[in-house]
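Participant: A structural model of the following input is requested.
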Amino acid sequence: MAVAETIERKLTEALAPQRLKVVDDSEKHKGHAGYREGGETHFRVEVVSAAFAGQNRVARQRRVYEILSDELADRVHALQLKTLTPEEESAG
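Facilitator: Next up is the predicted model:
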């Protein structure tokens, strides 16, 4: 299973997001630290979930890092996160 698919599956199971976008940005980092041939090292993730209600940005990001701890320890070098509640997304 591709890393992006694993990220999507794990976040869907843990956060039941209203919207989830996982983008592999690895090619933008070719030649930089953490890049591996074949990509799947640098990701941009946008998650809109009611599970984030009442949490600040740091707590939300820690939750995502916890969910993806295996991937971050192995293959994923960088993870850019945007974490919102449904209310924040509709207000933005």
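
Participant: For this protein, which segments count as helices?
Facilitator: 3-15, 57-67, 69-74, 86-91 (DSSP state H).

Participant: what's the closest of the ones you listed to residue 43?
Facilitator: helix 3-15 (6.5 Å; C-beta to C-beta). All C-beta atoms are positioned from the backbone trio N, CA, C, and that covers glycine.

Participant: wait, what's in contact with the most centrally placed residue in the chain?
Facilitator: Ranked by distance to the mean C-alpha position of the chain (C-alpha atoms, centre = their mean), the top residue is residue 45 at 3.7 Å. Under the criterion of C-beta atoms under 8 Å, 6 or more residues apart in numbering, the neighbours of residue 45 are 7, 11, 20, 21, 22, 23, 64, 79, 80, 81, 82.

Participant: Let's see that with 6 Å instead.
Facilitator: Applying C-beta atoms under 6 Å, 6 or more residues apart in numbering to residue 45 gives the contacts 22, 81.
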